[in-house]
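Q: take this sequence and fold it.
(one chain, ligands or ions: 2)
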Amino acid sequence: MSYPSHQVAINHTNGRSPQAALWTQSTSASAEAVIEGDSDVVIAVMGATGSGKTTFINQASGSDLRIGRGLKSCTSVVQVAEPFLLEGRTVTLIDTPGFDDTTRSDADILRMIGLFLAATYQNGKKLAGVIYIHRISDFRMGGISTRNFKMFRELCGDSTLKNVAIVTNMWGQVSQDVGEAREAELASEDIFFQPVLQKGAIMLRHEHTQESAHLILRHIIENHPLTLQIQRELVDQKKDISQTAAGAELNRELMLQIQKHEKEMKQLQEEMKEAINSKDEEYRRELEIETKKLQAEMNRVQSDAEKLKSEYSQDKVRMEQRMSELTEQARRDQERAAEGHNRELLSLRKQLEDTSSSSSSERARLEARLEELQRAGAKSSGGFFTKLGRAIDSIFGIH
Ligand SMILES: Nc1nc2c(ncn2[C@@H]2O[C@H](COP(=O)(O)OP(=O)(O)OP(=O)(O)O)[C@@H](O)[C@H]2O)c(=O)[nH]1
Ligand SMILES: [Mg+2]
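A: Ligands and ions are numbered 1, 2, ... in the order given. Purely as a prediction, here's the structure:
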């Protein structure tokens, strides 16, 4: 396979085409599966908070999803971009929140992503690929990036890596030499991306333009659609989110944090005893403040661990209810719209007959409106992802 000169593809699969990749397919997706048109392609975009996921999606799709300006996380829900055409296919990009979000707990993020991916799979819609965005401008792959990538791997599983593209961005923030050296390191070190590249993932550069985003997507849209590990676990194996590999990874981390906090609390208590014995009132007050802070943090982690355990099954029921309400509402809206639509069509046709002898500009205006209405009527109502997005929003308290 040859790549355009400004877009390097790194793939450790000895020249095997990523397009030729065959995904492990599950056989037991919902019986009511909605069979997708061949031309529909769904791609999820993941990565750490602030890595540029939404920017990439907006550039590729011409959407206007909100992007981050400051240090705070921006996208804290799963959101769906406007579908767009590429190479004759309708491409839908899914924007996901990163872990270590400043406004939401990791347990909430995982519940949200799990719920979204499970519902997608249950409705017969498989992902043609997953893009993982990494900033080449990061001078090291710190704790947050490593954690995000770990969670990403557990969400995908190994057998789906052939449909994964690691996309580096923010090349304008570093000199070419530095960027290339970092890229080579990321691709060859086994603590970074080397293991996934070896299992079939590819590494591509995003040059911050629509053209570059489309070049990346062209590598993915021909893929045989995949079933992610978490989709198999939640839907086929009917696991709870805490029993999935990603849930277990998150739980392990939360347990490590709890252990660390307990150690710190013990130490604070020892110091407190000493401060009381030596009647050091100022130090005692400082320690008291520290203890309160640590206790609040411990409560937060504890509640995160609880949330992960208990709420997924309830989320799922609420989500299914919300989806059927939205489907019913969409049906009613569509009926109402169709009535109005037909009325306007009839009236336009009548006006056209009546204006047969009037000015040609008036005729052209009426014909243009008629065509517009016919086109709108022919458009498929689609809307599965819009409904799914709304259902997730209402469960996670966005509206
Ligand atoms: N120079 C440069 N800046 C970028 C690029 N991609 C994103 N940015 C900037 O990086 C910041 C974060 O981008 P977002 O698209 O909001 O990142 P995100 O991954 O969606 O962030 P969250 O929603 O918070 O997880 C914004 O200020 C963008 O303008 C890029 O390729 N080059
Ligand atoms: Mg975002």
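Q: all the strands of the stretch 201-350 of the chain, residue numbers only.
A: Here the stretch 201-350 of the chain has its strands, by DSSP state E, counting those that start in this stretch, at 202-205.
Q: now it against ligand 1: closest residue?
A: Closest contact between the stretch 201-350 of the chain and ligand 1, by Cβ to the nearest ligand atom, is at H208 (3.9 Å). To be clear about C-beta, it is placed using only N, CA and C from the backbone, and glycine gets the same treatment.
Q: phi, psi of that residue?
A: With angles defined as degrees, to the nearest 10, H208 sits at phi 70, psi 30.
Q: return the residues in contact with it.
A: Contacts for H208 (Cβ atoms under 8 Å, 6 or more residues apart in numbering) come out as T55, Q59, N169, M170, W171, G172.
Q: of the residues you listed, which is the most crowded?
A: Among the contacts of H208, N169 has the most neighbours (other Cβ atoms under 10 Å), with 26 neighbours.
Q: residues near E320, how many?
A: Neighbour number of E320 under other Cβ under 10 Å is 13.
Q: which member of the contacts of H208 is positioned nearest L228?
A: The nearest member of those to L228, counting by Cβ to Cβ, is N169 at 22.6 Å.
Q: who's in contact with the closest one?
A: S51, G52, T55, F56, I133, H134, R135, I136, R205, H206, H208.
Q: pretty sure the fourth one contacts V45?
A: Read it as F56. Yes: using Cβ atoms under 8 Å, F56 is in contact with V45, at 6.2 Å.
Q: which residues are in contact with each of the two?
A: The contact sets of F56 and V45 overlap at I131, I133 (Cβ under 8 Å, 6+ apart).
Q: buried stuff in stretch 276-294?
A: By 16 or more other Cβ atoms under 10 Å, the buried positions in stretch 276-294 come out as R284, L287, T291, L294.
Q: and these, which of them are in helices?
A: Those of those mapping onto helices are R284, L287, T291, L294, per DSSP state H.
Q: so what's the last one up against?
A: Right, the one you point to is L294. By Cβ under 8 Å, 6+ apart, L294 lies in contact with H261, E264, M265, L268.
Q: go again using 10 Å as the cut-off
A: Applying Cβ atoms under 10 Å, 6 or more residues apart in numbering to L294 gives the contacts H261, E262, E264, M265, Q267, L268.
Q: repeat that for S242.
A: Under the criterion of Cβ under 10 Å, 6+ apart, the neighbours of S242 are 107, 110-111, 248, 250-251, 305, 307-312.
Q: filter those by proximity to ligand 2?
A: Contacts with ligand 2 are made by none of the contacts of S242, judged by Cβ under 5 Å from the ion.
Q: can I get these in TSV including neighbour count?
A: Output for those, formatted as TSV (neighbours: other Cβ atoms under 10 Å):
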residue	neighbour count
A107	25
L110	27
R111	24
A248	14
L250	26
N251	20
A305	20
K307	19
L308	23
K309	15
S310	13
E311	18
Y312	23
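Q: pLDDT-wise, what's the bottom of the residues you listed?
A: When those are compared by pLDDT, S310 scores lowest at 70.
Q: how about the residues of the protein by ligand 1?
A: Within the chain, the residues that sit near ligand 1 (Cβ under 6 Å from any ligand atom) are 47, 49-55, 67-69, 73-75, 97-98, 169-170, 172-173, 206, 208.
Q: now with 8 Å?
A: By Cβ under 8 Å from any ligand atom, the residues of the chain that approach ligand 1 are 47-58, 66-69, 72-76, 95, 97-98, 101, 133, 135, 137, 169-173, 206-208.
Q: can you tell me which of those are in strands?
A: Of the positions in those, G47, D95, I133, R135, N169 sit in strands, assigned by DSSP state E.
Q: bridged to the last one, which residues?
A: Okay, so that is N169. Under DSSP bridges, the beta-bridge partners of N169 are R135.
Q: residues near the nearest residue to C156 once chain neighbours are set aside, how many?
A: Distance criterion Cβ to Cβ, 6 or more residues apart in numbering; nearest residue to C156, sequence neighbours excluded, is L228 at 5.4 Å. Using other Cβ under 10 Å, L228 has 27 neighbouring residues.
Q: please list all residues in contact with L228.
A: 23, 44, 113, 117-118, 120-121, 126-127, 130, 154-157, 159-160, 163-164, 234, 246.
Q: in helices only, show me those residues.
A: Those of the contacts of L228 mapping onto helices are I113, L117, A118, T120, Y121, E154, L155, C156, A246, per DSSP H.
Q: nearest to ligand 1, of those residues?
A: Nearest to ligand 1 among the ones in helices among the contacts of L228 is I113, at 12.3 Å by Cβ to the nearest ligand atom.
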